Every structure is written in structure tokens, then in C-alpha cells.
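Trainee: Only the shape, not the letters, is given here:
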């Protein structure tokens, strides 16, 4: 460790790498949740749980239930990546801290 500090080399602890992987896994899970919502909103019934024809397809139901939930999931993926990627350091700390805080905002 002292030798790495003397030469200017940086080391990444295994814990830091594991935290990075969990951010990518969280982003992938959020995008996997978002994808079917977007195609259901487009009228494709693949992988729909139940009878797609009987599901509500009105303007507001589709906007909130399919497109809105898909959009929220994409925002969750971006937040997960912002916590582990260097570009996330440029975001305001309050933006990243509020979703992670234990108390209500």
C-alpha cells in the first residue's frame, strides 16, 4: 500500500468494485422492468401477466400505468448509474442523497 502511494498508483479495494457492480445490476434490473412497460404502452401484449385485451387501454391508464412507470424505472436506472459512475459526481449531492435518505423528503 505504501509503495502504491509512493508511485502515485491508485488501487481499488474489492469492496469498491463490488459496489460498482451492484450499481450496474440495479440499473439493468430497472431497465428490465421498464422495457415491458414501454412495449405494453405501445400495444404489444408480449409477456403481459394475464389477459392483455381485458387490461385498461384508455389514455390515462396507458399514460400512467405503462409509460409513466417505464419512465420512472428509467430514472431509477440513471440514478443507480449516477451513484457508481464518475459523471454522477457532477450532480448535486442533494439530488443523489434525497432518494437514499432514511427520512422523508
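Mentor: Perfect, I can see it now. Here the structure is a predicted model, which means the values were calculated and not measured.

Trainee: So which residue is smack in the middle of the chain?
Mentor: residue 77 (1.6 Å; Cα atoms, centre = their mean).

Trainee: quick one: it and residue 27 touch, right?
Mentor: Yes - between residue 77 and residue 27 there is a contact under Cβ atoms under 8 Å: 4.2 Å. (Glycine included, C-beta is placed from N, CA and C.)

Trainee: Could you pull out the buried residues of the longest helix along the chain?
Mentor: Assignment by DSSP state H gives helix 14-41 as the longest helix of the chain. Across helix 14-41, burial judged by 16 or more other Cβ atoms under 10 Å covers 23, 26-27, 30-31, 33-34, 36-41.

Trainee: Turn these into TSV, including distance to residue 55 and pLDDT.
Mentor: Shown next, in TSV, are the buried residues of helix 14-41 (distance: Cβ to Cβ, whole Å; pLDDT from 0 to 100):
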residue	distance to residue 55	pLDDT
23	33	86
26	28	91
27	28	93
30	22	95
31	22	95
33	17	93
34	18	93
36	12	89
37	12	88
38	15	88
39	13	87
40	8	84
41	11	79
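
Trainee: Just give me the closest of those residues to residue 83.
Mentor: Here the nearest of the buried residues of helix 14-41 to residue 83, counting by Cβ to Cβ, is residue 23; it sits at 5.4 Å.

Trainee: So for the following helix or strand past the longest helix of the chain, mean pLDDT?
Mentor: Next helix or strand after helix 14-41 toward the C-terminus (DSSP states H and E): helix 59-62. Taken as a whole, helix 59-62 carries a mean pLDDT of 78.

Trainee: Other residues contacting helix 59-62?
Mentor: Helix 59-62 is contacted by residues 41, 56 when judged by Cβ atoms under 8 Å, 6 or more residues apart in numbering.

Trainee: Could I get the buried residue list for the next helix or strand after it?
Mentor: Using DSSP H and E, the next helix or strand after helix 59-62 towards the C-terminus is helix 69-82. By neighbour count on 16+ other Cβ under 10 Å, the buried set for helix 69-82 is 69-70, 73-74, 76-77, 79-82.

Trainee: do the same with stretch 81-90
Mentor: 81-84, 88.
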